[in-house]
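Fold the following for me, if possible:
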Amino acid sequence: MKKTRLFLFGIALTALAGCALFSLNPFYTPQNRIDVPLEARGLWSGDRLHLKILPDGTVEYRSFAGEKTVELELQAVFFKVADSLYADLSLAKPPPDVENAMLLGTLVPTHNVYQIKMDSDALTILWPDFEKLRELCLAGKVKLPYAALPAKDAPPVFTASPQEWESVLRSCSGTIFSGKNAIRLQRVLVQ
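Here you go, the predicted model:
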């Protein structure tokens with residue numbers, strides 16, 4: 001029961017940041033999975049954020065918020081749906097410091113999806129707009145199974161299959177990844 005409460009608490013807190021869409025299943029199918037694109041590999045830097053993307057899909061994430069540094073090791077699986085590139089991210093190993101409440105959600109083995117856009121030495125990472133996805137679900141335009149959470153404002157943890165996610169990404173990607181939720185990084189080093 002204690003693990004369940006920690007799970008729900010972590011999900012709720014992380015969701016409040018507005019940058020996480022949790023799925024218990026991957027967002028990709030074996031057919032749309034690709035190798036880490038050569039253009040994505042390397043060291044990327046932006047405002048208070050550094051990413052190192054390795055050829056095996058390991059992503060070393062480091063962000064700086066005031067005097068706090070958050071370091072995570074993630075595992076990325078890149079995949080394409082239609083002409084869009086995505087990364088399915090999951091935690092590779094537990095963070096060394098979980099004092100930051102935002103990191104509690106990373107203790108749960110879930111998947112997160114981000115749309116990736118590359119242009120020369122620029123990398124743009126777009127995270128999904130949960131409110132847009134919620135609107136599509138409420139309007140009946142998207143049907144995705146999920147496990148409900150007791151917290152009123154917390155998003156659900158989706159249980160949709162990879163095939164269901166592929167269908168949603170194929171039909172609604174432009175709405176879910178509108179561009180308002182984006183991080184832009186510049187290449188520092190080719191890996």
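
hey, which strand is longest across the chain?
Longest strand in the chain, counting residues (DSSP state E): strand 68-81.

That one - contacts with which helices or strands?
Here strand 68-81 touches strand 33-34, strand 58-65, strand 84-93, helix 162-176, going by 3 or more C-beta pairs under 8 Å, 6 or more residues apart in numbering; DSSP states H and E. Quick note: C-beta positions are derived from backbone N, CA and C, even for glycine.

Isn't residue 110 up against residue 23?
Yes - using C-beta atoms under 8 Å, residue 110 is in contact with residue 23, at 6.3 Å.

okay, and the common contacts of these two?
Residues touching both residue 110 and residue 23 (C-beta atoms under 8 Å, 6 or more residues apart in numbering) are residue 157.

quick one: buried residues of stretch 126-133?
Burial within stretch 126-133, assessed by neighbour count using 16 or more other C-beta atoms under 10 Å, is assigned to 126-130, 132-133.

contacting residues for residue 118?
Residue 118 is in contact with 37, 39-40, 85, 124, counting by C-beta under 8 Å, 6+ apart.

Filter these down to the ones in strands?
Using DSSP E, the members of these that fall in strands are 85, 124.

what does stretch 156-176 contact?
Contacts with stretch 156-176, where a contact means C-beta under 8 Å, 6+ apart, come from 11, 21-29, 32, 81-82, 84, 86, 110, 113, 115, 128-129, 132-133, 136, 141-142, 144-149.

among the buried residues of stretch 126-133, which one has the lowest pLDDT?
Of all the buried residues of stretch 126-133, residue 130 carries the smallest pLDDT score, 81.

you'd agree it is up against residue 112?
No - judged on C-beta under 8 Å, residue 130 makes no contact with residue 112 at a distance of 11.4 Å.

Using CSV, please lay out the buried residues of stretch 126-133 together with distance to residue 53.
As requested, those are exported to CSV (distance: C-beta to C-beta, whole Å):
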residue, distance to residue 53
126, 16
127, 16
128, 20
129, 24
130, 25
132, 27
133, 26
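
low pLDDT regions in the chain?
Scanning the chain for pLDDT under 70 picks out the ranges 1-20, 94-109, 148-155, 191.

Kindly recompute the last result at 90.
The chain contains residues with pLDDT under 90 at 1-24, 47-49, 61-74, 90-112, 119-120, 127-159, 174-175, 178-183, 189-191.

can you tell me which residues contact the residue nearest to residue 178 when sequence neighbours are not counted?
In this structure, residue 178 finds its nearest non-sequential neighbour in residue 129, 5.6 Å apart by C-beta to C-beta, 6 or more residues apart in numbering. By C-beta under 8 Å, 6+ apart, the contact set of residue 129 is 175-178, 180-181.

and the contacts of stretch 156-176, which are buried?
Among the contacts of stretch 156-176, the ones that count as buried by 16+ other C-beta under 10 Å are 11, 21-23, 25-28, 32, 81, 84, 86, 110, 113, 115, 128-129, 132-133, 136, 142, 144, 149.

Overlap of the contact sets of residue 130 and residue 112?
Shared contacts of residue 130 and residue 112 (C-beta under 8 Å, 6+ apart): residue 21.
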